[in-house]
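> 3D, please:
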Amino acid sequence: MRFLALFLLIPLFEVVVFIQVGGQIGALWTILLTLATAVTGVTLVRTQGIRTFYAAKAQLAQGETPAMAVVEGILLLLAGVMLMIPGFISDAMGALMLLPFARQALAGAVLEKVFIARANQAQPGQKGHTIEGQFRRDD
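Numbering: from 1, shown residues only. Below is the predicted model of the structure:
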């Protein structure tokens, strides 16, 4: 139900903002601004995506799991899509995801949510926190 509401409301808000901006700066400038954000967004997504790819590759070479880099890559892809969609609200959200500190914070929140959900699925009867540590068995 929430998804349906968002699916219907976001385009309506985009149209309202688009009309308001067009009324202030004119139709031609509004279209040029929309095209400029799309071109700039694609360029930034490409450069930051390459940087994220090499970060993931370096983590794999060190034997680490590149979970953060993978989630950041997905967020960069989402940012690129949002910048390509005509509209100022989606452009603002896409531009926000291009900022490294905002993208890392969002990626951290996504990873935390995924790991908590996965831990709860692994042990459905248990509730609480996972305690990491080492053990040894003395026979």
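
> What is the top helix by length along the chain packed up against?
Criterion DSSP state H: the longest helix present in the chain is helix 27-61. Counting contacts by 3 or more Cβ pairs under 8 Å, 6 or more residues apart in numbering; DSSP states H and E, helix 27-61 is packed against helix 2-25, helix 67-84, helix 88-98. Quick note: C-beta positions are derived from backbone N, CA and C, even for glycine.

> Nearest approach to Val42 belongs to which of these?
Nearest to Val42 among the helices and strands packed on helix 27-61 is helix 67-84; the distance by Cβ to Cβ comes to 6.3 Å.

> what does that closest one rub up against?
With Cβ atoms under 8 Å, 6 or more residues apart in numbering as the test, helix 67-84 has contacts from 37-38, 40-42, 45, 48-49, 52-53, 55-56, 59, 90-91, 93-95, 97-98, 103-104, 106-108, 110-111.

> do stretch 49-63 as well
Counting by Cβ under 8 Å, 6+ apart, 65-66, 69-70, 72-73, 76-77, 80 sit against stretch 49-63.

> Having no further points to raise, I will conclude here.
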